[in-house]
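Undergrad: Mind looking at a prediction? Sequence and model below.
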Amino acid sequence: MFADRRSPAAFWLGALLAVIGVLLHIPMFVMARSMHYHMAGMPMGTGMLFGMGLIVGGIAATLYGLRPKEASTDAANFHERIVAPEDAPLTVWHWTAGAALVMALVVDTMKISSLGFVIPGMRVEYGITAAGVALLPLSALTGATVGSYVWGALADHYGRRATILLSGVMFIGTSICGAMPSFHWNLVMCFLMGGSAGGMLPVAYALLAEIMPTRHRGWSLVVIGGAGTLGGYLIASGMSALLQPVFGWRIMWFLNLPSGLLLIALSPLIPESARFLLHIGRPQEARATLARFGSVVVSETDDWDDEAKLDHSHLPPTDTRYLGTTVALSLVALAWGLLSYGVLLWLPGQLIAEGHDMGVAAAIIARSTFISVPVIAVAALLYSRWSTKGALLVMIGISAAGLLALVLRESGVHAAADPVIALTLLIVGSTGVISIILPYTAESYPIRIRGRATGWVAGVSKSGGLVCQGLGSLALVPAIGTAALETAVPVALGLALLSLYGHETRGRDLRELEGSRAMS
């Protein structure tokens, strides 16, 4: 299970220390039962402080234990390539790994989704203003942005599965957020939680792209990602309705303990990428993994492409062969963040300010949930059956049409007066873009930078949200027409550049990306 890792014992010790550290915070939470679990202003006991130290040490031990072993001398003397039945049917191992990754993404999405359910209770208990409590999602989003970049880099050095396991241990550790008596400690822990949650999503896409046969890769990437995202939101809302009336808002953070343990328990079902194992010179482990998926490894002593010899220490934007694609995807991701965390969040308030009924604003939120499911299904169908590049361009175009409708509405054009038109276009477009952009990114880069490329694009998408959250916390929210016009700029640029530099990935054998002919 951990044969390719530096120290399995260090990993298990780290996970155990994190669990013990969390358990040392439970007594204080239980003691607050008579106060309906209100802990604001309570002093932190010695056990809690010691537990925090154990968690920090546990995460450090986990990070050390998950480092891959050095490649053997023999393995470094020859190049190996995967010969896979790229048009093969899915095996039981593909289905098992896919189901495990759906659960991993459900756990991941639950963390961020829980923010909306804890903020009302947190605001009451700590007695803070709306502007003050806005720092919590800002902290989580900052952590998620940083985490996307950091986890993407770790995935290319530690491996895909290893970084998912690291997220699981960090989820466990950040559950102590439920026992923090100070709001400021909640901000710190929320940053760490956002970091681990934000990093796991792009890594999961990179892993899926490397284990799925070409014929099934497109739809499985979109469907698994969409199912994990929707499942996480639904479970977070269900747990909130079930547990918060009894245990208060803090219980939502303590759910990080069992969900983190679940992620570790699922680890035997989540394989390390065989392509990554070959890349770091671990052919024996790669063969064992590939045997499950109907692929084989062929050894070669010569005639191997220069791609495998290249230094893989650079971030995607520094590789000139992928610069155009990276800039295009970065602009699209930035626009999605501005749209989803800005325009769509600000629109209900704008409608209420215009005198519309509160029901109209509430319908906006409800509509986004109902529309998401069929949009993801349509996106998966277009992506896998028609064109990966074309599907992404269509969704970007729909987003652009929605922004244009808002701009025209703000300008007084009668035909665009109904906000439902713009709203529907924006929800469909943004849902479609986020369903496709990370799978497309994972399929567009070679293995040496795939983790960082996917993490980069995910991080840029959250950077757009970070800008919007910052404006909101500073009470500098622009008029909705102005926001739509400003968001339309990166949308238009991204659409144009992706048309020029994007590549069709449908039916493409990812091995092509490893050769010098990759982008020809």
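TA: That came in fine, so what should we check first? In this text, all values refer to a predicted model and were calculated from it rather than measured experimentally.
Undergrad: Other residues contacting the helix or strand M28 falls within?
TA: Using DSSP states H and E, M28 maps to helix 26-31. The contact list for helix 26-31 (C-beta atoms under 8 Å, 6 or more residues apart in numbering) reads 37, 39, 42, 44-45, 47-48, 178-179, 250, 254. C-betas here are computed from N, CA, C, even on glycine.
Undergrad: what's the weakest-modelled helix or strand in the chain?
TA: Here the helix or strand of the chain ranked lowest by mean pLDDT, DSSP states H and E is helix 73-76, holding a mean of 47.
Undergrad: could you list every residue that touches M52?
TA: Contacts of M52 (C-beta under 8 Å, 6+ apart): 21, 176.
Undergrad: For it, pull up the helix or strand it's in.
TA: Using DSSP H and E, the element containing M52 is helix 46-65.
Undergrad: For that helix, what is the distance to the chain centroid?
TA: How far helix 46-65 lies from its chain's middle: 25 Å, per C-alpha atoms, centre = their mean, to the nearest Å.
Undergrad: ditto for stretch 468-477
TA: Chain-centre distance of stretch 468-477: 23 Å, with C-alpha atoms, centre = their mean.
Undergrad: Could you tell me how many residues sit around the closest residue in space to L497 that isn't next to it in sequence?
TA: Nearest non-adjacent residue to L497, counting by C-beta to C-beta, 6 or more residues apart in numbering: A328, 3.6 Å away. For A328, the neighbour count with other C-beta atoms under 10 Å is 21.
Undergrad: close enough to count as contact, A328 and L498?
TA: Yes: in this structure, A328 is within contact of L498 by C-beta atoms under 8 Å, at 4.2 Å.
Undergrad: Assess the claim that R292 and L269 are in contact.
TA: No: at 10.7 Å, R292 does not count as touching L269 under the criterion of C-beta under 8 Å.
Undergrad: measure R282 to G21 for me?
TA: According to C-beta to C-beta, to the nearest Å, R282 and G21 sit 32 Å apart.
Undergrad: Now do L165, the pLDDT please.
TA: L165 is assigned 90 on the pLDDT scale.
Undergrad: And L261, by the same measure?
TA: 93.
Undergrad: Could you pull up the residues touching the closest residue to it other than its chain neighbours?
TA: Leaving aside its chain neighbours, L261 sits nearest to I172 (6.6 Å; criterion: C-beta to C-beta, 6+ apart). I172 makes contacts with 15, 18-19, 22, 256-257, 260-261, as judged by C-beta under 8 Å, 6+ apart.
Undergrad: And Y205, by the same measure?
TA: 221, 225, 438-439, 441-442, 454.
Undergrad: any idea which element it lies in?
TA: Y205 belongs to helix 183-211, assigned by DSSP H and E.
Undergrad: List the buried residues in that helix.
TA: By neighbour count on 16 or more other C-beta atoms under 10 Å, the buried set for helix 183-211 is 183, 186-187, 189-211.
Undergrad: SS state for the residue nearest to L497?
TA: Recorded secondary structure, A328: helix (DSSP: H, G, I helix; E, B strand; the rest coil).
Undergrad: Please identify the helix or strand for the closest residue to V188 other than its chain neighbours.
TA: The shortest distance from V188 to any residue other than its chain neighbours is 7.8 Å, reached at S139 (C-beta to C-beta, 6+ apart). Here S139 sits within helix 135-157, counting by DSSP H and E.
Undergrad: by how many degrees do that helix and helix 46-65 diverge?
TA: In terms of direction (axes from the mean of the first three to the mean of the last three C-alpha atoms, to 10 degrees), helix 135-157 departs from helix 46-65 by 30 degrees.
Undergrad: residues contacting G173?
TA: Contacts for G173 were tallied using C-beta under 8 Å, 6+ apart; they are 18, 21-22, 55-56, 58-59, 192, 260.
Undergrad: Swap in 7 Å and give it another go.
TA: 18, 21-22, 55, 58-59 (C-beta atoms under 7 Å, 6 or more residues apart in numbering).
Undergrad: now V407
TA: By C-beta under 7 Å, 6+ apart, the neighbours of V407 are 481, 484-485.
Undergrad: Now rank those residues by neighbours and give me the top one.
TA: In terms of neighbour count, A484 stands highest of the contacts of V407 at 28 neighbours, by other C-beta under 10 Å.
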